[in-house]
Every structure is written in structure tokens, then in C-alpha cells.
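**Student:** My questions concern the predicted model and sequence given below.
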Amino acid sequence: MTAPQTHTLETAGAVITYDVRPGDGPPLLLIASPMGASGLASLAARFPDRTVVTYDPRGADRSRRTDGANESTPEEHADDLSRLITTLDAGPVDVFATSGGAGNALALVARHPEQVRTLVAHEPPAAALLPDREAALAASRHVHETYLARGFGAGMAEFIALVMHSGPVPEDWAARPVPDPAVFGLPTEDDGSRDDVLLGQNIVSSTHHEHDIEALRAASTQIVVAVGERSAGQLAHRGGEAVAERLGMAPVVFPGDHGSFLDAGHGEPPDVDAVAEKLREVLAAGDRVPTGG
């Protein structure tokens, strides 16, 4: 695979930075959110036979907001992705999207199914679809409120505790003591900043998004919902199961957990090869399945 070519794209309220790794095969768009393109570099390198596109969501890494807003919504991310696909001018793309990126990609397909041939949506944090919806949404909002009140370390500790929790979210989650940030190697002092892209801009809008299930059912896009084999019971895994159930399908189990195939600055991701192999298998199967509304 050749070195990535970096471009920028002006959208409504943001300037988006994206990378294209040219190849001979049809375009494959890899999406995470709020993690940027750097988190998908190892996975992208496993597809040297395809043109692979990664990007930084608005407000993350190299992509800056120009509208001064403090929140990014799945609808805004979907519009950014639609404009990006239009700019690529390569016809419908295949998409692998994970975490908040999966929620954003589902919003894209609900609005612009003609732009996506196959979507593999890996563990979208669709808390609004869970049986324990009210408790899950309240806990997600509590993460944001903890961040605003006490800063990054406390907010991220609360986030980690929530996403690692197994099973339904207890109704008294917000009343429980905030975990010690030091346990997770996080700062215990508040530096006063409140511009974190996850805790400040995306945690509430992503988990609270009401997915247009009817539009997704009617979409021409081949939709595959994926969950990690080692994340069973966790919030995003359960969100993936809930989306799959609403769409009348069984989720496809991928190797690893929620993020064990993503680059996090600690060397090669342990499950990136296995996830890439599974993704190839799923995309090949999608090529053999007729799509229809």
C-alpha cells in the first residue's frame, strides 16, 4: 500500500481532514468516532489491494469545527461523511465503522443509502434502543456532567466504568461514587479544559441518537451489525445487539473486543489481523447478497 494522501474538505461548520491510501480495488471507508484516522492505521494497512479512506471526525485531531459549537451530532457526522463520499467520486463505498463511528454510519445510510454498498457497523453505542434505555441514557449523561464538573480525569474514569460494566445499567448509577482516576492512570487534577471530543462533544449525542430503523430496513445498503466476541454484556456490544434485533438480523461476531484492533499508541493492536480477516470475509459475503429496499 502506498503512503496515504492527505486532503481537507470544507463542510457545514467544519473543515474535515481525510487520508486516501490508493489501491486497485473498490473504496473502503474505515470510520471510528471520536477516534480519528490514526486509530485505524494498522487496520487500513491490512487492505493494500483496496483504496482505503480514513478521516478525523469534526472536532477530533486534525479536523476542526468552524461553527463554535460544543456538541457534534450523528446527523452532522453523517453529513460530513456524505460530502466526503461525494468528493471521492468513486461510486458507492464499502464502510467499516466502529463505536460512535458505527452510529454515525447508520445515520448516513438512513439518509443516503445510495452512497454505501455495504456497511459493517461494529458495536454502535445505541443506548436509546436498550431495554434499560432510561438508566443507560442517564448514565451516559452523567459521564458528561462529571466531566463538566470535575474535569477530564474524573469524566474519563466514569466513562471507562460505564463502558466496561457488564449487563443492564443500574438505575442508581449516577448516585454511585465516581471511580478514582488514578486507578486507570488518569490525572487526578482538573486542568480546567472542557474541550474533550469524547466527553464534551459526542458522548450524549451519540448514545441518545434515535436511529431511523424504518429507513435502515428500507435501505438498499447491505447492513451487517457486528459485535466483539470478548465484549459480551458491555454497553456498546448490547447496543449492537439491539440494532441487529430491530433490523431483523443476528449480529456477526468479530474477534476481540470493542477496540482491540485499534491503534492506541501501545504497539500493534492484538486483534487487528483477525479483525481484518473477518472483515474481508463479511465484505465478500456482502458482494454475493443482492441488495434491495
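**Tutor:** Yes, it's here. Numbers count the residues shown, from 1 in each chain.

**Student:** so how far is Ala32 from Ala139?
**Tutor:** Distance from Ala139 to Ala32, counting by C-beta to C-beta, to the nearest Å: 22 Å. Bear in mind the C-beta positions are built from the backbone N, C-alpha and C, glycine included.

**Student:** same thing with Pro170?
**Tutor:** For Pro170, the distance to Ala32 - C-beta to C-beta - is 28 Å.

**Student:** And for Ser220?
**Tutor:** Noted for Ser220: a distance of 25 Å to Ala32, by C-beta to C-beta.

**Student:** one step back: which residue of Pro170 and Ala32 possesses the greater neighbour count?
**Tutor:** Set Pro170 next to Ala32 and count neighbours by other C-beta atoms under 10 Å: Ala32 wins out with 28 against 13.

**Student:** Quick check: the more buried one is in a strand.
**Tutor:** Yes - per DSSP: H, G, I helix; E, B strand; the rest coil, Ala32 lies within a strand segment.

**Student:** for it, what are its contacts?
**Tutor:** Gly39, Leu40, Ala97, Thr98, Ser99, Gly100, Gly101, Leu262 (C-beta atoms under 8 Å, 6 or more residues apart in numbering).

**Student:** Go again with 10 Å.
**Tutor:** 38-40, 43, 54-57, 60, 96-102, 104, 122, 259, 262-263 (C-beta atoms under 10 Å, 6 or more residues apart in numbering).

**Student:** Out of those, which sit inside helices?
**Tutor:** Leu43, Gly100, Gly101, Ala102, Asn104 (DSSP state H).

**Student:** Could you list every helix and strand that the helix or strand harbouring Leu119 packs against?
**Tutor:** Assigned by DSSP states H and E, Leu119 belongs to strand 116-122. With contacts taken as 3 or more C-beta pairs under 10 Å, 6 or more residues apart in numbering; DSSP states H and E, strand 116-122 sits against strand 25-33, helix 74-88, strand 93-99, helix 100-111, strand 222-228, helix 235-246, strand 252-254, helix 272-287.

**Student:** rerun that using 6 Å as the cut-off
**Tutor:** Strand 116-122 sits against strand 93-99, helix 100-111, strand 222-228, helix 272-287, with contacts defined as 3 or more C-beta pairs under 6 Å, 6 or more residues apart in numbering; DSSP states H and E.

**Student:** Give me the most central residue, this protein.
**Tutor:** What sits nearest the mean C-alpha location of the chain, by C-alpha atoms, centre = their mean, is Gly101, with 2.3 Å.

**Student:** In contact with that one, which residues?
**Tutor:** For Gly101, the contact set (C-beta atoms under 6 Å, 6 or more residues apart in numbering) comprises Ile31, Ala32, Ser33.

**Student:** one step back: same list (the helices and strands packed on strand 116-122) but as a markdown table, adding mean pLDDT and distance to His77.
**Tutor:** Formatted as a markdown table, the helices and strands packed on strand 116-122 follow (pLDDT from 0 to 100; distance: least, C-beta to C-beta, whole Å):
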| stretch | mean pLDDT | distance to His77 |
| --- | --- | --- |
| strand 93-99 | 97 | 10 |
| helix 100-111 | 98 | 4 |
| strand 222-228 | 98 | 17 |
| helix 272-287 | 92 | 21 |
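
**Student:** possible to save these as JSON lines with distance to Val253?
**Tutor:** Shown next, in JSON lines, are those (distance: least, C-beta to C-beta, whole Å):
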{"stretch": "strand 93-99", "distance to Val253": "14"}
{"stretch": "helix 100-111", "distance to Val253": "15"}
{"stretch": "strand 222-228", "distance to Val253": "6"}
{"stretch": "helix 272-287", "distance to Val253": "9"}
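
**Student:** and Asn202, how far is that from Glu76?
**Tutor:** 10 Å.

**Student:** And the two? Which one has more around it.
**Tutor:** Remark: of Asn202 and Glu76, Asn202 carries more neighbours, 28 against 23, as counted by other C-beta under 10 Å.

**Student:** got a pLDDT number for the more buried one?
**Tutor:** On pLDDT, Asn202 comes in at 95.

**Student:** swap in Arg288?
**Tutor:** On pLDDT, Arg288 comes in at 52.

**Student:** Next secondary structure element downstream of the strand holding Leu119?
**Tutor:** helix 133-150.

**Student:** Hey, what's the angle from that following helix to helix 235-246? Just curious.
**Tutor:** 150 degrees (axes from the mean of the first three to the mean of the last three C-alpha atoms, to 10 degrees).

**Student:** Run through the neighbouring helices and strands of helix 133-150.
**Tutor:** helix 152-164, helix 203-208.

**Student:** Quick one: closest of the ones you listed to Gly25.
**Tutor:** helix 203-208 (30.5 Å; C-beta to C-beta).
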